[in-house]
Every structure is written in C-alpha cells, then in structure tokens.
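>>> 3D model of this:
(one chain, ligands or ions: 1)
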Amino acid sequence: MKVAVVGAGASGLMVSGFLANSGHDVFVFDRNEKVGKKLYISGKGRCNLTNLCSPDEFLKNVVRGEKFVKSAIYNFTSSDAVEFFENLGLETKVERGNRVFPKSDKSSDVIKVLKEKHCKNVNFCFNTKIDSISKTEEGFVLHFDGKKELFDRVIVATGGKSYRSTGSDGDGFKFAKMFGHKVVECVPALCPIKIKDKFVKTLQGVSLKNVTLKCSFGDKKKEFFGEMLFTDDGISGPIVLSLSSFINREKDVSLAIDFKPALNEKQLDARLLRDFEENKNSEIKTVFRGLLPKAVAQVFESVVKIDGSQNVNTITKLQRNDIIKFLKNFPLEYGGLYDLDAGIVTSGGVDLNEINPKTFESKLQKGLYFVGEVLDVDALTGGFNLQLAWAESFMCAKNFS
Ligand SMILES: Cc1cc2nc3c(=O)[nH]c(=O)nc-3n(C[C@H](O)[C@H](O)[C@H](O)COP(=O)(O)OP(=O)(O)OC[C@H]3O[C@@H](n4cnc5c(N)ncnc54)[C@H](O)[C@@H]3O)c2cc1C
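Numbers count the residues shown, from 1 in each chain. Below you'll find the predicted structure:
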C-alpha cells in the first residue's frame, strides 16, 4: 500500500519504519529540513527515551488517556523499546527513576538509528509542509506546495502545539477537524508556573531540594516531593512541571511549599527549640538561615512578619507557632501557567472517543490514522511521553490494514 506519514518526529519515524519494513511503500513528509527536531532537544539533548518500569507502573504516570493507551503500553512495553533500540545498535543505560538514555548521552544517536537503520526503506520528503488532506474515491489526497499526491492511507503524526519552533504547531488538529473529528482544547502540560508574589524575582535561580509542593484546587489536593527552582516570575523544576499537568485546566489554585516535609509540626517545634537554645543570644535570622537558603530566609522574614534582627530569646510562643506554620505552608500566589508553547508537552488534542485504541485508526474515516502527541494523551516526565509515541506507533503498524 502507498502510505503517507505526516511528521517525521518520534511517532512518525517509528510507524513509518515498521510499515516500510513490512513491505508498504511509505512516504514521510516533514516541513523541516531534517527528522526529529523535538527528539533532538529531548532530555536536555540526552533523550530520555523510555522509563523501564512495569506497564501498570507506567500507566500511573499517564495523566490523560490512561485507559486508551493501556493496550498499546502492554503490547510494546518499555523493555520492548529498550530491546528495539539495542537491536538497532544503540547502547542504552538506566539512570535514577528508571529513566533510560542512550549510553552516549546524545539524542542525535537515537535519531541516527531511527533514520538510518529503522527507516532505511522509507522515502523522506523534507521541507514539505502539508497544507490539507482530502478524501476522494481513489484515496487520500495530500496538498502541499501547490501540488497534490494520492495515497491509500494517511497517518497523522504531527505532534502537539508546544515548542512550535520544532515544527509542531497544531496542523494535525486542523487535519482532524477536516474529517469531522473533535479536538479537545489544548493547554500546556509539564510547564513552569507563574507566581504573582513580587518576592519571586529576588529568588530567581534559587533551587530547593527535598521540599513538598502542596496544591489544592476545587475539592482536590496534590502534593509532589523533590526539587524545584525559582525563575524570574515563577517556579519550575521537576515537581513544578509534574504538578502543572494536573492543574492546567483549573482556575482556583492554591499553592504552598512545605520546606520541612520530613518533620511534622511537633518535631519541627522540637527542632526550633533546639536551634533557639543554641542561638539564644543571636538574631532570629541566624536560625532562619540554618533552616532555609539565604535568599529564601530573607523573604521568609517578611512573610512571617518577624524582623530578622529580633533577638532569639525574645521570640514569643505565638511567633514560634507562626514560624512553624509558614515553614510547613509557605504560600505562593498562583498566577497561571505559561503559554502553550512553553509546555514540554501539549495536553488535549484529537478526541480519543473517535480513535480505535487497537489500530489508532479514525472511527470516522477509514484509512486515516493518528499517533503521538496529536492525540489527547499526555504523561509525566521520565521517558513516558516518548514511550507513548513508540508504543502507539507499534500498535498502529502491527494492526495496519
Ligand atoms: C524540550 C523537550 C524535552 C523533552 N524531553 C523528553 C524526554 O526526554 N523524554 C520523553 O519521553 N519526552 C520528552 N519530551 C516530549 C517528547 O519529545 C514528545 O512527546 C514527542 O517528541 C512527540 O512526538 P510526536 O512524533 O508525536 O511529535 P513531534 O516530535 O513534535 O513531531 C511532529 C513532526 O511533525 C511535523 N509537522 C507538523 N505539522 C506538519 C505539517 N503540516 N506538514 C509537515 N510536517 C509537519 C513537525 O515538523 C515535526 O517534525 C520533550 C519535549 C520537549 C519540548
């Protein structure tokens, strides 16, 4: 069969290689001059290509579309992905949190084996932006550069709408709508969070380790433990990115940092009393600096409304309670997420109710398929999003007809 794949990113490369290797005549179109521009910058240039955990564990990290991708994730597991890449000659290594990277630490090596080995039988058409797709009795017509070309099948692998400079600017949603598909509103996921408090600027670049970011929205609560950092007008880092994927459709969001998650209030009180005893003739800021990074300690003084030059031995019980309260619940005023382009992935996309999860074929138009980030599926960081692209593409190719 003559198959057009629109998009030469992670999912487009994967599906086209599988189909070409099983005898189909596959043409991959990309508006860019080369393959895998987003793959190249993935994992800070190291490409965290999957997460070596069980399928059940994997599915816990899928934020939207968990049920829809279950079959794909069981059919092409992260171990299968590692084996697949190793068979192509890519050596891999596993790091903290089961994250798999190429041994060379170079995303370009992942791209190289995909293009040169897996896709050795694929026809590439670069610098070709597909403008529209239509259907006639003869098949699907791709429109580009004022030309038309006929295909038996079309696979849309155009990605989401974030990091648009890599080529994914939402064209896939336009194509889906041309065939009557619903597209769930797109919002950023794995995205930094804006904070309204003015003090944030003074903390730019400060990172916090082993803290808990607490969040409540509506009647729900979420907490993430780990590392975060302050930017010029907000917060970022692993726990912030993870949290963003759960609040990206919420308006009424409250945020707070627990600086001492390992201690409950009683234990923290005991720790403070010890610190006070050791520093009884010092200023309270000495104690704050022992508990928090210096820049944060300065901000803390103003939030807790205690003058840093106050002598430790004059701190009242009421003030001590306030210190505990704010160490456990330091409020940040939520200012929303950054725009869609800033999200590492796009949340939203082609409505899953209209796609067959075994074949990734449209339920509205036979012969039309959607794989990868163009679908309303997203997951947390750790190699999960690329694994989704690999697994969906595998399923699509395996059950292709
Ligand atoms: C900075 C960053 C780091 C990331 N790191 C990781 C990581 O380490 N691990 C992980 O699992 N995930 C990571 N991700 C997410 C992961 O890269 C994506 O989920 C994945 O690349 C999506 O693959 P895709 O094939 O669906 O889309 P894409 O990779 O975005 O590919 C879509 C392709 O379609 C082409 N295209 C779009 N429209 C048209 C058109 N009209 N005509 C022709 N071509 C078109 C684009 O040019 C593009 O090449 C990261 C994302 C970013 C932005």
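>>> next one: stretch 294-306 to chain centre, how far?
Centre-to-centre, stretch 294-306 and its host chain are 32 Å apart (Cα atoms, centre = their mean, to the nearest Å).
>>> list the buried residues for it?
For stretch 294-306, a neighbour-count test (16 or more other Cβ atoms under 10 Å) marks Val296, Ala297, Gln298, Val299, Phe300, Glu301, Val304, Ile306 as buried. Quick note: C-beta positions are derived from backbone N, CA and C, even for glycine.
>>> isn't Asn248 up against Ile344?
No. Asn248 lies out of contact with Ile344 (Cβ atoms under 8 Å); the separation is 11.9 Å.
>>> which one among the buried residues of stretch 294-306 gets closest to the ligand?
Nearest to the ligand among the buried residues of stretch 294-306: Val296, at 27.5 Å, using Cβ to the nearest ligand atom.
>>> quick check: closest non-adjacent residue to the residue in the stretch 101-250 of the chain positioned nearest to the ligand.
Closest contact between the stretch 101-250 of the chain and the ligand, by Cβ to the nearest ligand atom, is at Gly167 (2.1 Å). Nearest residue to Gly167 in three dimensions, chain neighbours excluded: Asn32, at 4.9 Å (Cβ to Cβ, 6 or more residues apart in numbering).
>>> the residue of the stretch 251-400 of the chain found nearest the ligand: what's it in contact with?
Closest contact between the stretch 251-400 of the chain and the ligand, by Cβ to the nearest ligand atom, is at Gly372 (2.3 Å). Neighbouring residues of Gly372 by Cβ atoms under 8 Å, 6 or more residues apart in numbering: Gly7, Gly9, Ala10, Ser11, Gly12, Ala157, Thr158, Gly159, Leu388, Ala389, Glu392, Ser393.
>>> phi, psi for the closest residue to Ser54 other than its chain neighbours please.
Spatial nearest neighbour of Ser54, excluding adjacent residues (Cβ to Cβ, 6+ apart): Thr77 at 8.0 Å. For Thr77, the backbone dihedrals (degrees, to the nearest 10) come out as phi -80, psi 170.
>>> surely Thr77 is in contact with Asp56?
No. Here Thr77 lies out of contact with Asp56, judged by Cβ under 8 Å, at a distance of 10.7 Å.
>>> the chain - how does it break down into domains?
Per automatic domain parsing, the domain ranges recorded for the chain read 2-186+340-398, 193-259, 265-331.
>>> buried deepest among those domains, which one?
For the domains of the chain, the largest average neighbour count (mean count of other Cβ atoms under 10 Å) is found in domain 2-186+340-398, namely a mean of 20.
>>> gap between the two ends of that domain?
16 Å (Cα to Cα, to the nearest Å).
>>> might you enumerate the residues of the protein proximal to the ligand?
Residues of the chain found near the ligand (Cβ under 6 Å from any ligand atom) are 6-12, 29-32, 37-39, 41-43, 47-48, 129-130, 157-159, 163, 166-168, 171, 344-345, 372-373, 383-386, 389.
>>> residue ranges with poor pLDDT in this structure?
Residues of the chain meeting the criterion pLDDT under 70: none.
>>> show me the contacts for the residue of it most remote from its centre.
Distance from the C-alpha centroid of the chain, by Cα atoms, centre = their mean, peaks at Asn281 (49.0 Å). Asn281 is in contact with Asn311, Val312, Asn313, counting by Cβ under 8 Å, 6+ apart.
>>> before we move on, what about Val156?
Val6, Gly7, Ile133, Gly172, Phe175, Ala176, Leu368, Tyr369, Phe370, Val371, Val374 are the contacts of Val156 under Cβ under 8 Å, 6+ apart.
>>> ok, back up a step: restricted to helices, list the residues of the chain next to the ligand.
Taking DSSP state H as the definition of helices, the residues of the chain next to the ligand contribute Ala10, Ser11, Gly12, Lys37, Lys38, Leu39, Ile41, Asp171, Phe384, Asn385, Leu386, Ala389.
>>> what two of these are the furthest from one another?
Asp171 and Phe384 (24.3 Å; Cβ to Cβ).
>>> could you pull out the strands for the stretch 151-300 of the chain?
Remark: strands assigned in the stretch 151-300 of the chain by DSSP state E, counting those that start in this stretch are 153-156, 183-189, 193-195, 207-217, 220-230, 234-236, 253-258.
>>> for the last one, give me every contacting residue.
Taking contacts as Cβ under 8 Å, 6+ apart, the residues outside strand 253-258 that touch it are 193, 195, 208, 211-217, 228, 247, 327-334.
>>> in its sheet, which strands sit next to it, and in what direction?
Strand pairing for strand 253-258, using DSSP bridges, gives strand 207-217 (antiparallel), strand 330-332 (antiparallel).
>>> export those to JSON lines and tack on distance to Glu95?
What follows is the strands paired with strand 253-258, written out as JSON lines (distance: least, Cβ to Cβ, whole Å):
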{"stretch": "strand 207-217", "distance to Glu95": "17"}
{"stretch": "strand 330-332", "distance to Glu95": "30"}
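>>> one step back: my read: the residue nearest to Gly167 touches Thr128, true?
No. Counting by Cβ under 8 Å, Thr128 is not a contact partner of Asn32; they are 9.4 Å apart.
>>> wait, isn't Glu392 in contact with Val69?
Yes. Counting by Cβ under 8 Å, Val69 is a contact partner of Glu392 at 6.9 Å.
>>> which neighbours do the two share?
Counting by Cβ under 8 Å, 6+ apart, the residues touching both Glu392 and Val69 are Val377.
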